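Asker: Task: produce atomic coordinates for the following.
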Amino acid sequence: MRLEACGGLWGQLLPRPRRTLLGQRVENWVLMVREQYITTTEGTHIERPGNQSVCKIGIYGWRKRCLYLFVLLLLVILLVNFALTIWILKVMWFFPTGMGHLRVIKDGLRLEGESEFLFPLYAKEIRSRMDTSLLLQSTQNVTLNARNSEGEVTSRLKVGPKMVDVQSQQFQINNKDGKPLFTVDEKEVVIGVDKLRVTGPEGALFEHSVETPLVRADPFEDLRLEAPTRSLSMDAPKGVYIKAHAGKIEGLSQMDIIFHSSDGMLVLDAETLLLPKLADGTWSPAGSSQSLYEICVCPGGKLYLSVADVDTTCHENSHVCL
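Answerer: Sure thing, here's the model as predicted:
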């Protein structure tokens with residue numbers, strides 16, 4: 001009976017093979033015989049052996065309690081993880097369109113408010129909104145690097161607390177129309193503005209030559225070209241034109257002032273030409289009132305005055321040229 005009971009239970013638990021028609025008929029006959037046996041022996045008492053054992057199926061005792069405790073622990077961990085995930089999403093401001101102040105748009109990324117970058121930032125283009133300005137701020141310095149395809153730095157702009165350093169083959173500033181206003185390279189500095197204004201009290205200092213088509217002072221201001229320790233030279237392939245619309249032109253020199261024309265002549269066109277400090281000759285004809293003088297020229301180009309007469313008197317006063 002023990003084998004039959006356990007066999008019956010295990011037969012119900014284990015998967016059964018596919019039955020054929022003959023197997024089905026045999027099973028039906030066995031069930032019929034079992035029912036007749038139970039019916040005929042229902043009123044009789046049969047002693048069973050004392051060491052009868054019952055076959056139990058399932059998990060009981062401490063194993064069952066451990067299983068329930070493990071399931072409960074997994075449920076608690078699942079709830080804690082879900083709560084932490086919700087908290088992280090809320091703290092980090094995760095949204096379907098971005099995270100925090102960072103938004104994902106069709107043109108790239110949009111960052112609203114102030115942000116701090118702890119490591120280098122690589123971007124193709126950085127621009128502000130239409131109604132705000134772009135501010136780059138650092139406690140030390142702000143450095144912008146341009147690299148080539150091999151990763152080498154080709155240009156660098158470094159804005160520090162005391163100096164702005166630009167390392168490049170050419171530095172150029174353009175206006176809104178793209179016209180170059182200021183260009184610097186290894187050979188020259190080009191200023192493309194219509195007017196260069198120097199507002200310093202001592203003007204502009206040039207250690208070497210300056211090439212310009214026009215030098216002009218502000219209205220009602222004096223224009224002064226000065227070389228304190230060296231000479232001042234003005235050269236032009238087609239002449240130098242000096243003009244003062246209101247006022248006078250004054251040239252002062254510690255030594256010599258030289259006007260030189262390689263091919264042409266020197267013209268002094270004025271209503272009155274004054275040479276107040278020319279040397280005066282000592283010879284004068286008898287009875288002359290010395291009211292008229294003539295200008296004499298030495299072989300070296302020196303000018304001096306000589307009392308005028310019917311004929312020239314320069315040769316009498318030629319000792320001035322010595």
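Asker: L225 versus T199, what's the distance?
Answerer: Distance, T199 to L225, by Cβ to Cβ, to the nearest Å: 17 Å. Where C-beta positions appear, they are placed from N, C-alpha and C, glycine not excepted.
Asker: neighbour count winner among the two?
Answerer: Using other Cβ atoms under 10 Å as the criterion, T199 and L225 rank with L225 on top: 10 against 6.
Asker: How about that one: what's its closest non-neighbour residue?
Answerer: L232 (6.0 Å; Cβ to Cβ, 6 or more residues apart in numbering).
Asker: Now do that neighbour: how many residues are near it, please.
Answerer: 11.
Asker: My understanding was that it contacts E226; is that so?
Answerer: Yes: counting by Cβ atoms under 8 Å, L232 touches E226, with 7.3 Å between them.
Asker: Which residue ranges of the stretch 51-200 of the chain form helices?
Answerer: Listed in chain order, the helices of the stretch 51-200 of the chain (DSSP state H, counting those that start in this stretch) span 62-91.
Asker: Where does pLDDT dip in it?
Answerer: Scanning the stretch 51-200 of the chain for pLDDT under 70 picks out the ranges 51-58.
Asker: Report the central residue of the protein.
Answerer: Against the mean C-alpha coordinate of the chain, by Cα atoms, centre = their mean, the closest residue is L144 at 4.8 Å.
Asker: thought it was touching T154?
Answerer: No: L144 is not in contact with T154 according to Cβ under 8 Å; the separation is 11.9 Å.
Asker: before we move on, back to that, contact partners for the residue nearest to the centre of the chain?
Answerer: R156, L157, K158 (Cβ atoms under 8 Å, 6 or more residues apart in numbering).
Asker: out of those residues, who's nearest L266?
Answerer: Nearest to L266 among the contacts of L144: L157, at 52.6 Å, using Cβ to Cβ.
Asker: Neighbours of that closest one, how many?
Answerer: L157 has 15 neighbours, counted by other Cβ under 10 Å.
Asker: Pull up the gap between the closest residue to it other than its chain neighbours and D165, please.
Answerer: Nearest non-adjacent residue to L157, counting by Cβ to Cβ, 6+ apart: L144, 4.4 Å away. For L144, the distance to D165 equals 11 Å [Cβ to Cβ].
Asker: What ranges does the stretch 51-200 of the chain have for its strands?
Answerer: With DSSP state E, counting those that start in this stretch applied, the stretch 51-200 of the chain shows strands at 94-95, 98-99, 102-105, 108-111, 142-147, 153-159, 164-167, 171-174, 180-184, 189-191, listed in chain order.
Asker: Turn the ones you listed into JSON lines, including distance to H260.
Answerer: Shown next, in JSON lines, are the strands of the stretch 51-200 of the chain (distance: least, Cβ to Cβ, whole Å):
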{"stretch": "strand 94-95", "distance to H260": "80"}
{"stretch": "strand 98-99", "distance to H260": "75"}
{"stretch": "strand 102-105", "distance to H260": "70"}
{"stretch": "strand 108-111", "distance to H260": "66"}
{"stretch": "strand 142-147", "distance to H260": "51"}
{"stretch": "strand 153-159", "distance to H260": "47"}
{"stretch": "strand 164-167", "distance to H260": "42"}
{"stretch": "strand 171-174", "distance to H260": "39"}
{"stretch": "strand 180-184", "distance to H260": "34"}
{"stretch": "strand 189-191", "distance to H260": "30"}
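Asker: I'm done for today, thanks for sticking with me.
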